[in-house]
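J.: need a structure here:
(chains A and B)
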Amino acid sequence: DSGVTQTPKHLITATGQRVTLRCSPRSGDLSVYWYQQSLDQGLQFLIQYYNGEERAKGNILERFSAQQFPDLHSELNLSSLELGDSALYFCASSVTRGGTDSGNTIYFGEGSWLTVV
Amino acid sequence: DAKTTQPPSMDCAEGRAANLPCNHSTISGNEYVYWYRQIHSQGPQYIIHGLKNNETNEMASLIITEDRKSSTLILPHATLRDTAVYYCIVRVTNFGNEKLTFGTGTRLTIIP
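T.: Numbering: from 1, shown residues only, chains lettered A, B, ... in the order given. The predicted model follows:
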């Protein structure tokens, strides 16, 4: 158990709909990362939040958005869903001490399976 | 982040040591080598990381060459539960660049 909690574990929804995935980071971790894993794309970095603010952005679609709340949990919002958005979505967290400290190990949750039909 | 090269697949007999190589010839002085694995469709699991020195923990050992251009992850006594995709990642951890960039990894199959 990594300590990162994601809900829901499975979700089936129709095209055009909107869903929200939730992530609770490990206790004390300030950074939250979102990744997408589809069959043909591997693990793709979407976005990172640090202490409530966006820190880094990857290949995140404009239909997707995320936020991190004051209690440090995060939500990934996926809208106008398409069949191709079906994937595993992982949340991860780290302390993020900054500088060149190697202690910023990132721990992953078990993922949310999204199926768009 | 520096690019890594790993063999796409490897087999190892159960109970033997599994040695997974990784080339990272363009690694910079401030980049760490991290190893993760993903068992089926579970979340990637952190294994070990290092900068220059060899490292060992309860899961594995990491051997980094002196020039840091390659490394080897060693699972000392492989079990069937070690069957997974193993990712070697080089990474800086300075502000704004903490993310992990995953490649295609090595699919390790432990043979009974």
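J.: near chain B, which residues of chain A?
T.: When proximity is defined by Cβ under 8 Å from any Cβ of the partner chain, chain A lies next to chain B at A:2, A:4, A:31, A:33, A:37, A:42-43, A:45, A:48, A:55-56, A:58, A:88, A:90, A:92, A:94, A:96, A:98-102, A:104-111, A:113. In short, each C-beta sits where N, CA and C put it, glycine included.
J.: tell me which of those residues fall in strands.
T.: In strands, defined here by DSSP state E, the members of those are A:31, A:33, A:37, A:42-43, A:45, A:48, A:55-56, A:88, A:90, A:92, A:94, A:107-108, A:113.
J.: now for those: which two are most distant?
T.: A:Arg55 and A:Trp113 (26.2 Å; Cβ to Cβ).
J.: re the thing from before, and the residues of chain A next to chain B, which of them are buried?
T.: For the residues of chain A next to chain B, a neighbour count by 16 or more other Cβ atoms under 10 Å in any protein chain shown gives the buried set as A:2, A:4, A:31, A:33, A:37, A:43, A:45, A:48, A:55-56, A:88, A:90, A:92, A:94, A:96, A:102, A:104-111.
J.: give the contact list for residue 35.
T.: With no chain named, the answer covers chain A. A:43-46, A:89-92, A:108 (Cβ atoms under 8 Å, 6 or more residues apart in numbering or on different chains).
J.: let me rephrase: I mean chain B.
T.: B:Trp35 makes contact with B:20, B:22, B:46-49, B:60, B:62, B:73, B:86-89, according to Cβ under 8 Å, 6+ apart.
J.: that one and A:Val117, how far apart?
T.: As defined by Cβ to Cβ, to the nearest Å, B:Trp35 lies at a distance of 36 Å from A:Val117.
J.: partner residues bridging residue 33?
T.: No chain was given, so I picked chain A. The bridge-partner assignment for A:Tyr33, based on DSSP bridges, gives A:Gln48, A:Ala92.
J.: sorry, I should have been clearer: chain B.
T.: Note on B:Val33: beta-bridge partners by DSSP bridges are B:Gly50, B:Val90.
J.: hang on, isn't it packed against B:Ile63?
T.: No: with contacts defined as Cβ atoms under 8 Å, B:Val33 does not count as touching B:Ile63, sitting 10.1 Å away.
J.: what touches both of these two?
T.: Both B:Val33 and B:Ile63 are in contact with B:Ser71, where contact means Cβ under 8 Å, 6+ apart.
J.: those two: who's more crowded?
T.: Set side by side, B:Val33 and B:Ile63 give different neighbour counts by other Cβ atoms under 10 Å in any protein chain shown, the larger being at B:Val33 (25 against 16).
J.: now do the same contact list for that one.
T.: When contacts are counted by Cβ under 8 Å, 6+ apart, B:Val33 is found next to B:22, B:24, B:27, B:49-51, B:62, B:64, B:68, B:71, B:88-90.
J.: spell out the residue ranges of the helices in chain B.
T.: Listed in chain order, the helices found in chain B under DSSP state H amount to none.
J.: contact partners for the spatially most central residue of chain A?
T.: Chain A has A:Trp34 as the residue nearest its centroid, 2.6 Å off, counting by Cα atoms, centre = their mean. Counting by Cβ under 8 Å, 6+ apart, A:Trp34 makes contact with A:23, A:45-48, A:60, A:66, A:74, A:76, A:89-92.
J.: and for it, nearest residue in space, chain neighbours not counted?
T.: Ranked by Cβ to Cβ, 6 or more residues apart in numbering or on different chains and with sequence neighbours excluded, the top spatial neighbour of A:Trp34 is A:Leu46, at 4.3 Å.
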